[in-house]
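A.B. asks: curious how this folds, go ahead:
(one chain, ligands or ions: 2)
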Amino acid sequence: MAACLLEQGEDAFRRLFKYYKRRKPPPDFSGVVDFSRAEKNLKVLKAPLNVSSISDQDACKAGLQPVHKWKAYGLDGYPGFMFISDPFLPGWQRYWAKQCLKTYPQKPNVCNLDLHMSPEETADLWEQSREQLRLKAPGKREAKSLLEKLRWVTLGYHYNWETKKYSPDHYTTFPIDLAYLSEQVAAACGFQQFKAEAGILNYYHFDSSLGIHVDESEMDYSKPLLSFSFGQSAVFLLGGQKRQDPPLPMFMHSGDIMIMSGRSRLLYHAVPRIVPNLEGRAIPSCLEPMTTSDSCSAGASFRQSDQGDWEICAKYLQNSRVNMTVRQVVGVGQSFPVEPGGGKIADSQPYSYHQDPSKEENEHKRQKIVNEEVAEPP
Ligand code: OGA
Ligand code: MN
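C.D. replies: Ligands and ions are numbered 1, 2, ... in the order given. Next up, the predicted model:
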């Protein structure tokens, strides 16, 4: 077959990436591991958690269920990889999604739009976009709001996409709420000393993908990398230590948390596709408002908060997925290299779709790739 010939010589990861990204014909998702469906998959294992490491009260303050209620999984052959299937308390996913859309894109945090817009223009993406988003009719081709053009936000030590490094000269306070959440999750997974120092937030729509990469810019690989998902689902590909190793496909749904640590800290991975939540609803039900009785008091104030804001978030999330990744950059006893440029330069190509964020064609380029695939012979 022509398609097979074209694919010859391509590595297994690229092939599967393209397979799941394909529009016509759509891929078969039945081989995608779904941790939310009490998998019979032989690779899925129960993962032990450190149940006594965080109190129910501390978990609650972060918007999480008591640790003994979490459903945590591992994967045979991937030591250090952990997957926690939506451990959030009712109502709290909304809080985190709103932080990603309304609060974290604000200055002094950095976003892709800053690379070709003035600070005044990007000062309040939320205010500038809310009316446009609110009035957006489904299925109609309309100009994109700034919020819809948002691709990434960096927090704490701001990742430099060009040098692929973090720098002590470009640090702003890491959001305390997200640091708290991350440190609770890390502790429950056995990483008591984890410090949330850098965040990369990714904003995806149904036509977005994240290229094959390894996160190796941090300086201490003994520290885990945490990843949180909200909104629509993703197909996540977890590969091996070599770029060519065939990856394992899995779904990440709203509320799911992934931890890459130990021998899985430096594995290749990618997100070839965003898919509508499997419940077939506009918004996954775990993002619905909670009932009043099961409240954790610390969260009650957030949950009561602005219904208008939520309507904007909901509109956005109908077509989108937000992913927060949290990293510790500097290990205990480590410091940044003194010399500028003296640090380690990653030799892989992380974030291929972010590679040149200064160019607006990025969006078009990705669109073109989809179109090219559509035009490919079956
Ligand atoms: C990342 C990353 C994956 C995701 O930001 O490094 O791999 O699930 N994100 O969006
Ligand atoms: Mn990554």
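A.B. asks: residues in contact with stretch 137-150?
C.D. replies: Outside stretch 137-150, the residues within contact range by Cβ atoms under 8 Å, 6 or more residues apart in numbering are 101, 105, 111-113, 122, 125-126, 128-129, 132-133, 136, 203, 205, 316, 318, 363. Any C-beta I mention is one placed from the backbone N, CA and C, and that applies to glycine too.
A.B. asks: just the buried ones out of the residues you listed, please.
C.D. replies: 101, 105, 111-113, 122, 125-126, 129, 132-133, 136, 203, 205, 316, 318, 363 (16 or more other Cβ atoms under 10 Å).
A.B. asks: keep the residues you listed, but drop any that are not near ligand 1.
C.D. replies: Among those, not one lies near ligand 1 by Cβ under 6 Å from any ligand atom.
A.B. asks: which ones among these map onto strands?
C.D. replies: C111, Y203, H205 (DSSP state E).
A.B. asks: verify the stated contact: the second one with R151.
C.D. replies: Yes: Y203 is within contact range of R151, at 5.7 Å (criterion: Cβ atoms under 8 Å).
A.B. asks: residues in contact with L317?
C.D. replies: A97, F230, G231, Q232, I283, L287.
A.B. asks: burial count for the residue nearest to L238 when sequence neighbours are not counted?
C.D. replies: In this structure, L238 finds its nearest non-sequential neighbour in L248, 4.9 Å apart by Cβ to Cβ, 6 or more residues apart in numbering. Neighbourhood size, L248 [other Cβ atoms under 10 Å]: 22.
A.B. asks: do R22 as well
C.D. replies: R22: 17 neighbours (other Cβ under 10 Å).
A.B. asks: that one and S85, how far apart?
C.D. replies: 27 Å (Cβ to Cβ, to the nearest Å).
A.B. asks: ok, W70 next?
C.D. replies: The separation that W70 has from S85, given Cβ to Cβ, amounts to 8 Å.
A.B. asks: now swap in I176 and tell me
C.D. replies: I176 is 26 Å from S85, by Cβ to Cβ.
A.B. asks: residues touching P87, list them.
C.D. replies: Applying Cβ under 8 Å, 6+ apart, the residues contacting P87 are L64, Q65, V67, K69, W70, K71, G255, I257.
A.B. asks: just P168 next, same as before
C.D. replies: Counted by Cβ under 8 Å, 6+ apart, P168 has contacts Y157, F336.
A.B. asks: isn't L113 up against T122?
C.D. replies: Yes: look at L113 against T122 with Cβ under 8 Å: they come within range, at 4.8 Å.
A.B. asks: in the chain, which spans are strands?
C.D. replies: Counting by DSSP E, the strands of the chain are 44-46, 71-75, 81-85, 110-111, 152-156, 198-205, 210-213, 225-231, 233-238, 248-252, 257-260, 269-275, 320-327.
A.B. asks: which one of these is the most hemmed in?
C.D. replies: strand 225-231 (a mean of 26; mean count of other Cβ atoms under 10 Å).
A.B. asks: among the contacts of P87, which two are most distant?
C.D. replies: The most widely separated members of the contacts of P87, counting by Cβ to Cβ, are V67 and G255 (15.4 Å).
A.B. asks: what is the neighbour count of L287?
C.D. replies: 24.
A.B. asks: tell me who's in contact with it.
C.D. replies: For L287, counting by Cβ under 8 Å, 6+ apart, the contacting residues are Q93, R94, A97, F230, G231, S254, A314, L317.
A.B. asks: JSON lines for these, including distance to ligand 1 and pLDDT?
C.D. replies: Compiled in JSON lines, the contacts of L287 are given as follows (distance: Cβ to the nearest ligand atom, whole Å; pLDDT from 0 to 100):
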{"residue": "Q93", "distance to ligand 1": "15", "pLDDT": "96"}
{"residue": "R94", "distance to ligand 1": "19", "pLDDT": "95"}
{"residue": "A97", "distance to ligand 1": "14", "pLDDT": "97"}
{"residue": "F230", "distance to ligand 1": "11", "pLDDT": "98"}
{"residue": "G231", "distance to ligand 1": "11", "pLDDT": "98"}
{"residue": "S254", "distance to ligand 1": "12", "pLDDT": "98"}
{"residue": "A314", "distance to ligand 1": "20", "pLDDT": "95"}
{"residue": "L317", "distance to ligand 1": "15", "pLDDT": "97"}
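A.B. asks: can I get those in CSV with distance to S209?
C.D. replies: Putting the contacts of L287 into CSV (distance: Cβ to Cβ, whole Å) gives the following:
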residue, distance to S209
Q93, 23
R94, 26
A97, 21
F230, 18
G231, 15
S254, 18
A314, 24
L317, 18
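A.B. asks: what residues does the chain have near ligand 1?
C.D. replies: I200, N202, L210, D215, S227, A234, F236, M252, H269, V271, N323, T325.
A.B. asks: for the residue in the stretch 51-200 of the chain that ligand 1 sits nearest to, which non-adjacent residue is closest in space?
C.D. replies: Nearest residue of the stretch 51-200 of the chain to ligand 1: I200, at 4.8 Å (Cβ to the nearest ligand atom). Nearest residue to I200 in three dimensions, chain neighbours excluded: T325, at 4.9 Å (Cβ to Cβ, 6+ apart).
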